[in-house]
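Enquirer: I would like the atomic coordinates for the input below:
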Amino acid sequence: MKTIEDILLNPLELTPSLILELIRFIDLTSLDSCDTQKTIQPLIERANNGFKSSHVAAICVFSTYGNFVKEQIDSSIQVAVVGGCFPTGQTLSEAKIEECRVISQTNIDEIDIVINRGDYFDQRHAKITDEILSIKKAIGKKKLKVILETGDFKEQTDIRNMAKLAIQGGADFIKTSTGKTSKGASPQAVYSMCQEILAHYKHTGKKIGIKPSGGIRTAAEALLYYQIVQEVLGHEWLNKNYFRIGASSLYDALIAAYND
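Expert: Residues are numbered from 1 along each chain as shown. Alright, predicted model coming up:
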């Protein structure tokens, strides 16, 4: 396995075919506090139209708009919403569980929640895992993506520990950031998360998905995360069931790079 330093020094070449592949991993996102049906509608239309027969993996919005998106989106595109006191995670466990249960009764496909980092810093690790387990049970067959907010941690060991807690709680995906803090995804964090996913896979045979998100705006950045997943986890993870990129402006950046 290459180190993160090796990957950074030897980037993949961005080709037209890779650009189209990267589009198919995007969770096209709008999480603005002033979102309305009018602002979400163009997002739906862009996703449905696609680019050169490549369509995004999902649209990610507030739960208020989950059914609105689901009614109009192509059936091949998933509808993800945020929940569980997003973006802080700082409320009572019972409130987060009930919110996610209510959301799961709508027609959405996936729920993205965020870990309460305060619990981690207070060493309440079992509480984190138990809370995720309860949310996973409450939402039934809906896919659960758990955000670690990796920018809040200085040490890679803490990021791996957080990833392990989320995986033990039943996360289907682990995700870097809410996009609501000053530090989003980083190559080092995604590398550490992939290492933990690999360790879990070797021990259990179960694949967990990875979703870099937060501040990913250029084609080169997206390609770097693709390369990290490829090097650490392998080609088996390079499909929308196990790899997503959370982004708002990246979609347009990839189209621009394709047209250059």
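Enquirer: For Val79, see how far away the nearest residue to Gly169 once chain neighbours are set aside is.
Expert: With sequence-adjacent residues excluded and distances taken as Cβ to Cβ, 6 or more residues apart in numbering, Gly169 is closest to Ile132, at 2.7 Å. Bear in mind the C-beta positions are built from the backbone N, C-alpha and C, glycine included. Relative to Val79, Ile132 is positioned 21 Å away (Cβ to Cβ, to the nearest Å).
Enquirer: swap in Asp130?
Expert: 28 Å.
Enquirer: Looking at the two, which has the bigger crowd around it?
Expert: Val79 (24 against 15; other Cβ atoms under 10 Å).
Enquirer: that's a helix at that one, yeah?
Expert: No - counting by DSSP: H, G, I helix; E, B strand; the rest coil, Val79 is not found in a helix; it is strand.
Enquirer: okay but it is in contact with Glu71, surely?
Expert: No - between Val79 and Glu71 there is no contact under Cβ atoms under 8 Å: 9.7 Å.
Enquirer: Which neighbours do these two have in common?
Expert: Residues touching both Val79 and Glu71 (Cβ atoms under 8 Å, 6 or more residues apart in numbering): Asn107.
Enquirer: Surely Ser93 touches Ala126?
Expert: No - with contacts counted by Cβ under 8 Å, Ser93 stays clear of Ala126, the gap being 11.9 Å.
Enquirer: The two - which one has more neighbours?
Expert: Using other Cβ under 10 Å as the criterion, Ser93 and Ala126 rank with Ser93 on top: 19 against 11.
Enquirer: and that one, what does it touch?
Expert: By Cβ under 8 Å, 6+ apart, Ser93 lies in contact with Lys127, Asp130, Glu131, Ser134.
Enquirer: Out of the residues you listed, list just those in helices.
Expert: Lys127, Asp130, Glu131, Ser134 (DSSP state H).
Enquirer: I'd like those residues as JSON lines, with distance to Ile7 and pLDDT appended.
Expert: Shown next, in JSON lines, are the ones in helices among the contacts of Ser93 (distance: Cβ to Cβ, whole Å; pLDDT from 0 to 100):
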{"residue": "Lys127", "distance to Ile7": "35", "pLDDT": "98"}
{"residue": "Asp130", "distance to Ile7": "35", "pLDDT": "98"}
{"residue": "Glu131", "distance to Ile7": "33", "pLDDT": "98"}
{"residue": "Ser134", "distance to Ile7": "37", "pLDDT": "98"}
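Enquirer: Pull out the buried members of those.
Expert: Glu131, Ser134 (16 or more other Cβ atoms under 10 Å).
Enquirer: For Phe153, state which of the contacts of Ser93 is nearest.
Expert: Lys127 (17.5 Å; Cβ to Cβ).
Enquirer: nearest residue to that closest one other than its sequence neighbours?
Expert: The shortest distance from Lys127 to any non-neighbouring residue, by Cβ to Cβ, 6+ apart, is to Asp119 (5.2 Å).
Enquirer: Pretty sure that neighbour sits in a strand.
Expert: No - read with three-state DSSP, Asp119 is helix and lies in no strand.
Enquirer: and it, how many neighbours does it have?
Expert: 19.
Enquirer: got the contact list for it?
Expert: His125, Lys127, Ile128, Glu131.
Enquirer: how close does the third one sit to Arg24?
Expert: I take that to be Ile128. Taken as Cβ to Cβ, the span from Ile128 to Arg24 is 32 Å.
Enquirer: higher neighbour count, these two?
Expert: The neighbour comparison of Ile128 against Arg24 (other Cβ under 10 Å) goes to Ile128, with 23 against 19.
Enquirer: how about a markdown table for the contacts of Asp119, with distance to Asn259 added?
Expert: Supplementary listing: these in a markdown table, determined by distance: Cβ to Cβ, whole Å:
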| residue | distance to Asn259 |
| --- | --- |
| His125 | 48 |
| Lys127 | 49 |
| Ile128 | 44 |
| Glu131 | 45 |
